[in-house]
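Novice: Predicted model and sequence follow; I will ask about them next.
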Amino acid sequence: MANDEHVALLDKGVATWNEWRDKNPDIRPDLSGANFFGEDLIGADLREADLARADLWFADLREAHLSCANLVEADLGGRGEENETMRERIVFSFFFSLSLSDRWVDV
């Protein structure tokens, strides 16, 4: 279940969210199960965020930082080629972040 304060912060906009993330680098945001359907999340710092089971249909995740984010069962649905490209970027970001970390694991 998502932390209501974390969801409310992100709902205030990416600039507010990223500022909070800069001031609180040790907090792992819990956004699990939250509804971000169609939200503008361009450039959002979602590193290490728990987005498990989150609804990200049609959310604009361009330039969002998703390194080490938990996307298990997150709904990345949508239609068309643009959505496939986003899924590819997310998968690449995930594996790239693993390769840079000192905790590389086989998946």
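Specialist: Structure received.
Novice: count of residues packed around the nearest residue to residue 28 once chain neighbours are set aside?
Specialist: Excluding its sequence neighbours, the residue lying closest to residue 28 (Cβ to Cβ, 6 or more residues apart in numbering) is residue 48, at 5.1 Å. In short, each C-beta sits where N, CA and C put it, glycine included. The local packing of residue 48 (other Cβ atoms under 10 Å) involves 18 other residues.
Novice: how near is residue 48 to residue 66?
Specialist: Per Cβ to Cβ, to the nearest Å, residue 48 is found 9 Å from residue 66.
Novice: buried ones in stretch 9-23?
Specialist: For stretch 9-23, the neighbour count (16 or more other Cβ atoms under 10 Å) marks 9, 10, 14, 17, 18, 20, 21 as buried.
Novice: no wait, stretch 46-60
Specialist: Neighbour counts over stretch 46-60 (16+ other Cβ under 10 Å) mark 46-57, 59-60 as buried.
Novice: Send me stretch 60-80 as CSV with only the CA atoms.
Specialist: In CSV, the C-alpha atoms belonging to stretch 60-80 read as follows (Å, rounded to 0.1, in the frame of the first residue of the first chain):
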residue,chain,number,x,y,z
ASP,A,60,4.3,10.1,-19.4
LEU,A,61,7.5,8.7,-18.1
ARG,A,62,9.9,10.3,-20.6
GLU,A,63,13.2,11.1,-18.9
ALA,A,64,12.0,9.7,-15.6
HIS,A,65,14.7,8.2,-13.5
LEU,A,66,13.7,4.6,-12.8
SER,A,67,17.0,3.0,-11.7
CYS,A,68,16.4,0.3,-9.2
ALA,A,69,12.7,1.0,-9.0
ASN,A,70,10.4,-1.9,-8.2
LEU,A,71,8.0,-2.3,-11.1
VAL,A,72,6.8,-5.8,-10.2
GLU,A,73,3.2,-6.1,-11.5
ALA,A,74,3.1,-2.3,-12.4
ASP,A,75,0.6,-1.7,-15.1
LEU,A,76,2.5,-0.2,-18.0
GLY,A,77,-0.3,-0.7,-20.4
GLY,A,78,-1.3,1.6,-23.2
ARG,A,79,-1.4,1.3,-26.9
GLY,A,80,0.9,1.6,-29.8
